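# what shape does this take:
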Amino acid sequence: MKAFFNEIFDYNYYCNKKLIDECLELVELPLKTKSLFSHILNAHDIWNARILGKASGYKVWQEHDVKNWADIHYENQRSSFEIMSNADEFDKRIDYENSEGRIFTNTLQEMLFHIINHSTNHRGQIAVDFRNNGITPIGLDYVHYKR
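You can find the predicted model right below:
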């Protein structure tokens, strides 16, 4: 299980890093893209914090300056790898409170997979936003990453 999660978190890091680099090159960043990518970063931090039983430093839809994205992304990745390195049981159940104050329980495996799936979903929305703003989306398919 660790090998699988290491692989998909590496892929996630690669995709987000490419997107950050692309956004830093843009003369004008679409507002929806800024909101969605900030949300990706925030959610990753929030889920890491839930797993670790800590408070997150970010709000769900808090926006960040594109110049800060790489640092936040790096810290999210570092924290996730620390979680995975220290994990003995990926089926361990973790109680947490969502942003609306409701209590839920999921396994570590489910929570880690959600981080990746959530990021992929919003990167797809960013690709549409790029296209809607006359920007060619970058290819981030997993198979291209593996080639």
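# pLDDT weak spots in this protein?
Judged by pLDDT under 70, the chain has no weakly predicted residues.
# strands of that one, start to end?
Along the chain, the segments classed as strands by DSSP state E run 93-97, 103-107.
# restricting to C-alpha, output stretch 42-57 in CSV.
These are the backbone C-alpha positions of stretch 42-57, laid out as CSV (Å, rounded to 0.1, in the frame of the first residue of the first chain):
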residue,chain,number,x,y,z
ASN,A,42,-6.1,24.2,1.0
ALA,A,43,-8.0,20.8,0.9
HIS,A,44,-4.7,18.9,0.8
ASP,A,45,-3.6,20.7,3.9
ILE,A,46,-6.9,20.2,5.6
TRP,A,47,-6.9,16.5,4.9
ASN,A,48,-3.3,16.1,6.2
ALA,A,49,-4.3,18.0,9.3
ARG,A,50,-7.4,15.7,9.9
ILE,A,51,-5.2,12.7,9.5
LEU,A,52,-2.7,14.1,12.0
GLY,A,53,-5.4,15.3,14.4
LYS,A,54,-4.3,18.9,14.1
ALA,A,55,-6.0,22.2,13.0
SER,A,56,-5.4,23.3,9.4
GLY,A,57,-3.9,26.7,8.7
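# can I get the strands of the chain in CSV including distance to F4 and mean neighbour count?
Any C-beta I mention is one placed from the backbone N, CA and C, and that applies to glycine too. Compiled in CSV, those are given as follows (distance: least, CB to CB, whole Å; neighbours: other CB atoms under 10 Å):
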stretch, distance to F4, mean neighbour count
strand 93-97, 19, 12
strand 103-107, 14, 12
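# just send those strands back as CSV, with distance to A55 too.
Rendered in CSV, the data for these read as follows (distance: least, CB to CB, whole Å):
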stretch, distance to A55
strand 93-97, 10
strand 103-107, 15
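# right, and those - which one's nearest I126?
Judged by CB to CB, the one of the strands of the chain that comes nearest to I126 is strand 103-107, at 25.8 Å.
# which elements pack onto that closest one?
In this structure, strand 103-107 packs against strand 93-97, with contacts taken as 3 or more CB pairs under 8 Å, 6 or more residues apart in numbering; DSSP states H and E.
# partner strands of the strand it packs on, with direction?
Take DSSP bridges as the rule and strand 93-97 pairs in its sheet with strand 103-107 (antiparallel).
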